[in-house]
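> with the sequence up front, the predicted model follows.
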Amino acid sequence: MADETVILETEPVEIAAVVETAAPAAQSGWRGRDDRDARAADGGVEKVVHINRCAKVVKGGRRFSFSALVVSGDAKGKVGCGFGKANEVSDAIKKATEASRKNMYSVCLKDSTIPHEVTGAHGGGFIMLKPATPGTGIIAGGGARAVLEAAGVKDVIGKSLGSSNHANVVKATLAALSALRPADEILRARGKQIKERKAL
């Protein structure tokens, strides 16, 4: 061990390079990082947000290890994220998926969108979410889109205003969703009464 030189190098891995081990045969058509489709699992949704490869250079050559960031949800208001590391891509994804299922929690939704505008932050990541009318779709990219799809949001406008680090964006989005409150809860906190809307 005394004459071994250890150098750590981290570099992103294209999803296309690890599809054969990471995804089932039905998903073998992935062409790039933004072509990630949700995988159904036990009535829920799983999305691989990012895979990173770490190369450890030792006397005999390079030893590779992988880390995976996965978002899971039931598309009905429950969502969570998980991180896993292993020497194989499939094992890393499996660990991350198990962790994301354990960390799932409920978020407040209103029909196909969110009840009000909200912001969330984690580390250097900062994201703003706004409700949108039906048919708008999810106007967000990267990790934020994965989280919103897994949670079951269909119409929303999102903008990332901070770091582009995948883990921070995902956790900032989760923080924003966890801060959502229904209108009646906000009115009760303000001491207001809920009035029924009458048709004009």
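Thanks, I have the structure now.
> who are the packing partners of the strand ranked longest in the chain?
Assignment by DSSP state E gives strand 44-58 as the longest strand of the chain. On a contact count with 3 or more C-beta pairs under 8 Å, 6 or more residues apart in numbering; DSSP states H and E, strand 44-58 meets strand 7-12, strand 39-41, strand 61-73, helix 89-102, helix 142-151, helix 166-178. Glycine gets a C-beta too; all of them are placed from N, C-alpha and C.
> tell me which of those is the most buried.
Among the helices and strands packed on strand 44-58, the stretch with the highest mean neighbour count (mean count of other C-beta atoms under 10 Å) is helix 142-151, at a mean of 26.
> give the rounded mean pLDDT of stretch 134-151.
Average pLDDT, stretch 134-151: 91.
> the spatially closest residue to Asn168 that is not a sequence neighbour and Val58, how far apart?
Leaving aside its sequence neighbours, Asn168 sits nearest to Gly125 (C-beta to C-beta, 6 or more residues apart in numbering; 3.1 Å). Plainly put, Gly125 is 34 Å away from Val58 if you go by C-beta to C-beta, to the nearest Å.
> equivalent analysis for Ala150, please.
According to C-beta to C-beta, Ala150 and Val58 sit 38 Å apart.
> domain assignment for this structure?
7-105, 107-186 (automatic domain parsing).
> ok, how many other residues are close to the residue nearest to Asn168?
Look at Gly125: counted by other C-beta atoms under 10 Å, it has 24 neighbours.
> hang on, it packs against His166?
No: in this structure, Gly125 is not within contact of His166 by C-beta atoms under 8 Å, at 9.1 Å.
> buried ones in the helix or strand hosting Lys85?
Using DSSP states H and E, Lys85 sits in strand 78-86. Neighbour counts using 16 or more other C-beta atoms under 10 Å place 78-84, 86 of strand 78-86 among the buried residues.
> need the helices and strands packed on strand 44-58 in JSON lines (columns: distance to Asp184).
Shown next, in JSON lines, are the helices and strands packed on strand 44-58 (distance: least, C-beta to C-beta, whole Å):
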{"stretch": "strand 7-12", "distance to Asp184": "45"}
{"stretch": "strand 39-41", "distance to Asp184": "33"}
{"stretch": "strand 61-73", "distance to Asp184": "25"}
{"stretch": "helix 89-102", "distance to Asp184": "31"}
{"stretch": "helix 142-151", "distance to Asp184": "21"}
{"stretch": "helix 166-178", "distance to Asp184": "18"}
